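Q: Predicted structure and sequence below. I'll ask about it afterward.
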Amino acid sequence: MESKEVPGIVSTRFAPSPTGLLHIGGARTALFNYLWAKRNGGRFLLRFEDTDRARSSAEFEEAILDDLRWLGILPDEEAARQTDRAARYSDALAELCRIGSAYACFCPPEEGVGTARPHADKCRFIPSEERARRIASGEPFCLRFAAPQGDEPFVFPDRLRGELSIKRSSIGDFVLARSDGSPTYFFAVVVDDHDFDVTHVIRGEEHLPNTPKQELIYRAFGWEAPEWVHIPMVLGSERHKLSKRSGAVSVASYREDGWTPEALVSYLATLSWAGAPDDAISGAGDLARAFDIGDVSLDSPVHDQKRMDHFGRMAMRGLSVESLLLECRALFPLPPDGGALIDSDRAALIGELLPSCACKSELARSISEAFLLRDPGEEDEPADGEWARDLSGALSSVAPEAWNSENLKNILRGFQKERGLKGRALYHFLRMKLTGVGQGAPITLLMGCMGKTNAMGRLDADRD
Ligand code: GLU
């Protein structure tokens, strides 16, 4: 779709409830909001919807902010918090009551917040003197919105879905504030988005049923509603909702596993946006230049770990081997005699293993596994020729400081030639003795990284 130039300052927001860690779905919502704001030279805001005090925590706020920072999706202003805005919500509620769009309802709370069934408006038409008397007598009440009645359709626009329409009477008189005066989600979000000049509400489609209620509140105040953009939900591999509780999909768990933020951002951008490059790693800034919210597809994307691994591997290949070596040095075997190891071999081994690793913890595992001495299966028992003892002699003559893959390669080549050995016999023998498995990184590289004492110890093990 052709990008429509947006007049004025585009402001988007990400509004998580700090009741859990940031997960893949939430991070993708935050990213799309960020990209759309940046694409238009606008502002990206963060708001913590923490009115559910029992489940919200400052630790989760901090964790979400840390993850956003790590992803490079930084808000342009300090994060707002709904619990800091109680006075503003009270004022706005008073205003709605004054203009006749809200009324006190004395029905028991079970008919209140969260009821799927529209409220039967029992209290809406109570005469005003009676209502005032009951309030003054201390009877508990909540505040409800006086929703439009009748059967004509209520129409509201969505950027991706066009004009949406529902029956007016199906909206019902929903609750704006509970009997303790605290605002409901529907209400607080509208006041916040209005006060912060949010121009585009980009959020998961699970919020679509809330939108007519919010649109009604805007109209009651006479405020201009933002553009609604409901993006499809990211599904799990069995095509059901990804859950916050599933630790495997939290941004923090990927971060702890040593993923690069660029890999995550590049992958997240592909979840519903066909314009995102599939074969390159991009920063949020690059993506923003090409992003168009109108191009987001309505098909629910599936979180596909294999596809994400592909981005992880591309990003890992872009990392400097030297810096990875600094992080991974401790994973290489140390020579028992404390002799020096050659860094160029260790760097070369990292370069060998890197292309198949999606994250740093996978690289660490590959490095450690490369040096495991496994038990060879019976059929793979190294075929020990009569030359084996001489091979050991030839290798033991190498000075420990000259023990590196280049010298080892030359010595083995010379030995092979001198003895008229087939390459496979010699190298397979070495590989089985030194690692116990028939394939892996070049054996001379592994030997160089192992150091002379370790390698000779393995080569000579079990020899009488
Ligand atoms: N707090 C809501 C959530 O975490 C988001 C509400 C919104 O974006 O309007 O799902």
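A: Alright, I've got the coordinates.

Q: ok, which stretches of the stretch 151-300 of the chain are helices?
A: When secondary structure is read from DSSP state H, counting those that start in this stretch, the stretch 151-300 of the chain shows helices at 185-195, 211-221, 251-256, 261-269, 284-290.

Q: I figured Glu61 hits Pro18, correct?
A: Yes. Applying C-beta atoms under 8 Å as the test, Glu61 and Pro18 come out as touching, 4.3 Å apart. To be clear about C-beta, it is placed using only N, CA and C from the backbone, and glycine gets the same treatment.

Q: Contacts only, for the closest residue to Gly283 other than its chain neighbours.
A: Setting aside the residues directly before and after it, Gly283 is nearest to Glu262 in space (C-beta to C-beta, 6 or more residues apart in numbering), at 6.1 Å. For Glu262, the contacting residues are Ile281, Ser282, Gly283, Ala315, Gly318, taking C-beta atoms under 8 Å, 6 or more residues apart in numbering as the criterion.

Q: which of those come close to the ligand?
A: By C-beta under 6 Å from any ligand atom, no member of these lies near the ligand.

Q: Quick one, grab the pLDDT at Leu341.
A: At Leu341, the predicted lDDT confidence score is 62.

Q: that older thread, adding mean pLDDT and distance to the ligand, write the helices of the stretch 151-300 of the chain out as TSV.
A: Listed next are the helices of the stretch 151-300 of the chain as TSV, based on pLDDT from 0 to 100; distance: least, C-beta to the nearest ligand atom, whole Å:
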stretch	mean pLDDT	distance to the ligand
helix 185-195	96	5
helix 211-221	97	8
helix 251-256	95	15
helix 261-269	98	17
helix 284-290	94	20
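
Q: re the thing from before, between Glu61 and Pro18, what contacts are shared?
A: Residues touching both Glu61 and Pro18 by C-beta under 8 Å, 6+ apart: Phe48, Asp50.

Q: more neighbours, those two?
A: Taking neighbours as other C-beta atoms under 10 Å, Glu61 and Pro18 compare with Pro18 leading, 23 against 18.

Q: Specify the local secondary structure of that one.
A: With DSSP: H, G, I helix; E, B strand; the rest coil as the basis, the three-state label of Pro18 is coil.

Q: interface residues of this protein facing the ligand?
A: Contacts of the chain with the ligand, taken as C-beta under 6 Å from any ligand atom, map to Ala15, Pro16, Ser17, Glu49, Val189, Arg203, His207.

Q: Give the buried subset of those residues as a PyMOL selection command.
A: A single PyMOL command is used to select the members of those judged buried by 16 or more other C-beta atoms under 10 Å:
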select buried, resi 15+16+17+49+189+203+207
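
Q: Relative to the ligand, which residue of the stretch 1-150 of the chain is the closest?
A: Nearest residue of the stretch 1-150 of the chain to the ligand, counting by C-beta to the nearest ligand atom: Glu49, 3.8 Å away.

Q: quick one: which of the helices of the stretch 151-300 of the chain is nearest Lys422?
A: Proximity to Lys422, assessed across the helices of the stretch 151-300 of the chain by C-beta to C-beta, is greatest for helix 261-269 (42.8 Å).

Q: any idea how far the closest one is from the chain center?
A: Its chain's average C-alpha position is 8 Å from that of helix 261-269, according to C-alpha atoms, centre = their mean, to the nearest Å.

Q: For that helix, C-alpha coordinates in PDB please.
A: Listed next in PDB are the C-alpha coordinates belonging to helix 261-269 (Å, rounded to 0.1, in the frame of the first residue of the first chain):
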ATOM      1  CA  PRO A 261      19.200  -7.700  19.800                       C
ATOM      2  CA  GLU A 262      19.600  -7.200  16.000                       C
ATOM      3  CA  ALA A 263      18.600 -10.800  15.300                       C
ATOM      4  CA  LEU A 264      15.500 -10.400  17.500                       C
ATOM      5  CA  VAL A 265      14.500  -7.100  15.900                       C
ATOM      6  CA  SER A 266      15.000  -8.300  12.400                       C
ATOM      7  CA  TYR A 267      13.000 -11.400  13.100                       C
ATOM      8  CA  LEU A 268      10.200  -9.600  14.900                       C
ATOM      9  CA  ALA A 269       9.800  -7.200  12.000                       C
END
